[in-house]
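Participant: Could you work out the structure for the sequence below:
(one chain, ligands or ions: 1)
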Amino acid sequence: MTAPQAIVYKLYDVDDPTQFYVGSTNYGKRARLSTHKCNCVGDVKNPLLYQYFQRVGVNNMMMETLESMTFTTKEALLWRERHWYDELRPPLNAQRPILSEDERYADLQAKRARYYAKKKDDVEFRAKRLEYSREHAEERKDAAAVYYKDHKQQFLDRLARIVECETCGKSMRYGSLSEHRKKMHPQPL
Ligand SMILES: [Zn+2]
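Facilitator: Below is the predicted model of the structure:
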């Protein structure tokens with residue numbers, strides 16, 4: 001028996017190859033192309049891709065192999081897809097194929113920040129949030145302690161990493177950066 005194969009591929013418009021999508025499969029190229037064509041007609045899971053090919057016609061869809069490899073895990077394959085995604089910046093992919101834990105965390109923080117920015121003048125929302133925050137203070141402390149225990153080494157590694165201050169260029173441990181910023185580059189309120 002041969003080792004299972006996987007590919008990372010590019011799906012592009014034969015009339016305009018600047019319009020393309022990057023994907024991966026371990027079910028064979030031909031099979032994947034035909035499900036892409038079928039998906040155009042029905043349910044739209046990747047709206048950018050399918051709306052595009054609904055407009056120009058599914059027969060314009062061409063597939064090119066970017067890389068073939070032995071299939072190990074879905075996750076390893078997605079990271080290869082991510083490599084090509086970063087390299088080629090496909091205009092028809094709606095999102096990154098896979099995210100690291102740091103990226104997921106950064107996304108969540110950004111989403112939260114956008115949400116609170118939108119609500120910042122909502123007095124009722126702020127009062128509710130404050131009340132909720134007070135009521136759940138104990139639980140939050142417990143949860144944070146558990147999370148810290150599980151991720152301790154990661155935290156310590158992150159704090160020990162040497163970074164440069166984006167304002168003055170000075171090198172320091174990541175753990176000292178926020179104190180440095182506060183002291184050396186105070187923000188006007
Ligand atoms: Zn600085």
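
Participant: Show me what the longest helix anywhere in the chain is in contact with.
Facilitator: Under DSSP state H, the helix in the chain containing the largest number of residues is helix 101-118. Residues outside helix 101-118 that contact it (C-beta atoms under 8 Å, 6 or more residues apart in numbering) are Arg96, Leu99. For every residue, glycine as well, the C-beta is placed using N, CA and C.

Participant: and the next helix or strand after that helix, average pLDDT?
Facilitator: Remark: after helix 101-118, the chain's next helix or strand is helix 123-135, criterion DSSP states H and E. The average pLDDT for helix 123-135 rounds to 88.

Participant: now helix 123-135: how far from the chain's centre is it?
Facilitator: 30 Å (C-alpha atoms, centre = their mean, to the nearest Å).

Participant: helices or strands next to the least confident helix or strand in the chain by mean pLDDT in the packing?
Facilitator: Least confident helix or strand, the chain: helix 29-41 with a mean of 75, by mean pLDDT, DSSP states H and E. If you count contacts as 3 or more C-beta pairs under 8 Å, 6 or more residues apart in numbering; DSSP states H and E, helix 29-41 packs onto strand 5-13, strand 16-25, helix 47-56, strand 61-70.

Participant: Of all these, which one is nearest the ion?
Facilitator: Taking C-beta to the ion, strand 16-25 is the member of the helices and strands packed on helix 29-41 nearest to the ion, at 38.6 Å.

Participant: For the closest one, which outside residues touch it?
Facilitator: 6-13, 31-32, 36, 46, 48-49, 52, 56, 66, 77-78, 80-81, 84-85, 88, 90-93, 97.
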